[in-house]
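Engineer: How does the following fold in three dimensions:
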Amino acid sequence: MGFDDKLKNAAQEAKGKLKEGWGKVTDDPALQAEGRAEQAAADVKQAAERLKDDISDELK
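Structural biologist: Numbers count the residues shown, from 1 in each chain. Predicted coordinates:
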């Protein structure tokens, strides 16, 4: 996984955590759900990048 990808995924995950937290503070279930969805998307991207790296390592 490239450093740029790691940084983007970490930023997306942090943004999702902030949204979820702000949704809890403001009692906004939709914002909480949006935050959780952003975190999940970042997790999926990170898993895909790890898989891609593992395959690349195996092919070397």
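
Engineer: what ranges do the helices span in the chain?
Structural biologist: 3-25, 29-59 (DSSP state H).

Engineer: what angle separates the last one from helix 3-25?
Structural biologist: Orientation note: helix 29-59 sits at an angle of 160 degrees relative to helix 3-25 (axes from the mean of the first three to the mean of the last three CA atoms, to 10 degrees).

Engineer: Please tell me how far the one residue sitting closest to the centre of the chain sits from Glu58.
Structural biologist: Central residue of the chain (CA atoms, centre = their mean): Ala42, 1.8 Å from the mean position. Counting by CB to CB, to the nearest Å, the gap from Ala42 to Glu58 is 25 Å. Just so you know, the C-beta spots here come from the backbone N, C-alpha and C atoms, and that holds for glycine as well.

Engineer: and what of Ala47?
Structural biologist: Relative to Glu58, and taking CB to CB, Ala47 is found at 17 Å.

Engineer: hang on, the earlier thing: quick one: contacts for the residue nearest to the centre of the chain?
Structural biologist: Asn9, Ala10, Gln12, Glu13, Gly16 (CB atoms under 8 Å, 6 or more residues apart in numbering).
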